[in-house]
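K.L.:
Below: sequence and its predicted model.
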Amino acid sequence: GTGVNHNEQRIIDESLLIQVFRDLHLTFERNLALGHLTTRHAEPDMTLTFEAVLQYLQEAKPHEVIQGRESKRPIPDMKDKGQHAF
């Protein structure tokens, strides 16, 4: 075709954007344990999401001190920084 909306590069660019949208959509569904509910209008039910979070908390135990466990990111000691400020 011809014109602004029908050139080859625009079609390629839009197809990439569509793929990005699909990938984001699937990522949201997986991370929130929604199981394809984001495309339908249904009553809100967070049961599966809460079950997935509960399972993660039971396995990872982030609320317990475990010797030798390391953080993926540094966690500064803000109390120590505050003490040095005085």
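P.N.:
In hand now; what should we look at?
K.L.:
alpha carbons only for contacts and neighbour counts from here, please
P.N.:
Will do.
K.L.:
Show me where the protein has its helices.
P.N.:
Here the chain has its helices, by DSSP state H, at 8-31, 47-60, 78-85.
K.L.:
by contact count, what packs against the last one?
P.N.:
Helix 78-85 is packed against no helix or strand, with contacts defined by 3 or more CA pairs under 8 Å, 6 or more residues apart in numbering; DSSP states H and E.
K.L.:
For it, C-alpha coordinates in CSV please.
P.N.:
C-alpha atoms of helix 78-85 as CSV (Å, rounded to 0.1, in the frame of the first residue of the first chain):
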residue,chain,number,x,y,z
MET,A,78,20.1,3.0,58.4
LYS,A,79,20.4,2.8,62.1
ASP,A,80,24.2,2.8,61.9
LYS,A,81,24.1,5.7,59.4
GLY,A,82,21.8,7.7,61.8
GLN,A,83,24.2,7.1,64.7
HIS,A,84,27.1,8.4,62.7
ALA,A,85,25.1,11.6,61.9
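K.L.:
hmm, which helix or strand of the chain has the shakiest average pLDDT?
P.N.:
helix 8-31 (a mean of 77; mean pLDDT, DSSP states H and E).
K.L.:
what angle do that one and helix 47-60 make?
P.N.:
Relative orientation of helix 8-31 versus helix 47-60 (axes from the mean of the first three to the mean of the last three CA atoms, to 10 degrees): 70 degrees.
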